[in-house]
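>>> okay, here's the prediction I keep looking at, along with the sequence it came from:
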Amino acid sequence: MTRHFLDLDAVTSSDIRHILDNSNARKAKRNGMAKAAPDSDSPLKGKLLAMLFEKPSTRTRVSFDVAMRQLGGETLLLNGNDTQLGRGETIADTARVLSRYVDAIMIRTTDHTNLTELAEHASVPVINGLTDRSHPCQLMADVMTFEEHKGPIKGRKIAWVGDGNNMVTSWIHAATQLEFELAIACPDEFAPSAEALSWAKSKGAKISVTTDPYEAVKGADAINADTWVSMGMEEDRAKHRHNLLAPFQVNERLLKAANADAIFMHCLPAHRGEEMTADIIDGPQSVVWDEAENRLHAQKGVLAWCFS
């Protein structure tokens, strides 16, 4: 059976833990190695990953490319204008064709149905590099980073402050699967996915939603934030979002309301002076650069799992 990595609610908790353990082990083994040097076992030697980007990226593109190289494989980069998708070919037909050429497909797209349709018709593993619904690969790096700094995440409290976006959906999935508490603070207009919250509630997850960021961060071991405005957003809409989200900025006062040793996390790119102040992201409690590095190691764990 083809193994896809689409969302964390579709991967068992034991498999998520297996991926994290593999990611940690591979990171540890690379201590002191040159970035271009392959892993000693090169498990994906001879394998080819197609990277399909309908949305621009820095970390997703570089981390998947380097991850495949370190695992012994190769990558093929395809932007939206490079394929017939931009000229009307169906996702299903693209999936069937690419499956004849490559060993796996990673897609970064807007519409989540593009991902699910690709996986439905592909005969090779499909990986969610980001959709408007979710970002599970980032969450694997986030959990990996939290546990590096704070120990096992089970039973701990994570706070999310800002927009209830695709990252929040993946945090909801992760909290449910890995049994940690998640407190979400956001304006009513930018509330998290009702579908994701309903699924989590049916599983008995400990998740709360509030409009008060100070309530959310109380007792938190980590505070998460994300950019308020997406690239290309209209000026009027961006201004409206800024006005609603301004009270949710992560600053020194908000950080002090969390546990004294709480860490600050951000998936990047970041905008200092907006979702967080510069002294927070560049301060001693920030772990964002470890998060960014761990995209590489987490991606390797995901890729190895898809092919195992």
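Arrived safely.
>>> tell me where the model's unsure across the stretch 1-150 of the chain.
Across the stretch 1-150 of the chain, the stretches falling below the confidence threshold (pLDDT under 70) are 82-87.
>>> roughly how far is the strand or helix carrying Ser14 from the heart of the chain?
According to DSSP states H and E, Ser14 maps onto helix 13-29. Taking Cα atoms, centre = their mean, to the nearest Å, the mean C-alpha location of helix 13-29 is offset from the chain mean by 16 Å.
>>> swap in stretch 38-54?
On Cα atoms, centre = their mean, the centre of stretch 38-54 falls 19 Å from the chain's centre.
>>> so what touches stretch 142-155?
Residues lying outside stretch 142-155 but in contact with it, judged by Cβ atoms under 8 Å, 6 or more residues apart in numbering, are 20, 23-24, 156, 158, 171, 174, 178-181, 221-222, 224, 263, 265, 267, 287, 290-291, 294, 297-298. Using the backbone N, CA and C atoms, a C-beta is placed for each residue, glycine as well.
>>> mind checking how far it is from the chain centre?
On Cα atoms, centre = their mean, the centre of stretch 142-155 falls 15 Å from the chain's centre.
>>> what residue lies at the spatial centre of this structure?
Of all residues in the chain, the one closest to the mean position by Cα atoms, centre = their mean is Gln138, 1.9 Å from it.
>>> quick one: buried residues of the helix or strand where that one lies?
Assigned by DSSP H and E, Gln138 belongs to helix 136-150. Along helix 136-150, the positions that meet the burial threshold by neighbour count (16 or more other Cβ atoms under 10 Å) are 136-147, 150.
>>> and the residues you listed as TSV, adding distance to Asp9?
Written out in TSV, the entries for the buried residues of helix 136-150 read as follows (distance: Cβ to Cβ, whole Å):
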residue	distance to Asp9
Pro136	9
Cys137	14
Gln138	15
Leu139	11
Met140	14
Ala141	18
Asp142	16
Val143	15
Met144	19
Thr145	21
Phe146	19
Glu147	20
Lys150	24
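>>> closest one to Arg237 out of those, please.
When those are compared for distance to Arg237 (Cβ to Cβ), Gln138 wins out at 23.9 Å.
>>> quick one: the strands in the protein?
Taking DSSP state E to define them, one finds strands in the chain at 48-53, 74-79, 104-108, 126-130, 157-161, 181-185, 207-210, 222-225, 263-266.
>>> mind listing what the third one pairs with, with the direction of each?
Based on DSSP bridges, the pairing partners of strand 104-108 within the sheet are strand 48-53 (parallel), strand 126-130 (parallel).
>>> how about residues contacting the helix holding Ser14?
8, 11, 39-40, 70, 140, 143-144, 147, 174, 177-179, 294, 297-298, 300-302, 304-305.
>>> so which elements touch the helix ranked longest in the chain?
Ranked by number of residues, the top helix in the chain under DSSP state H is helix 288-307. With contacts taken as 3 or more Cβ pairs under 8 Å, 6 or more residues apart in numbering; DSSP states H and E, helix 288-307 sits against helix 13-29, helix 59-70, strand 104-108, strand 126-130, helix 136-150, strand 263-266.
>>> mind showing which ranges of the stretch 151-300 of the chain have poor pLDDT?
Where the stretch 151-300 of the chain drops to pLDDT under 70, the residues are 231-234.
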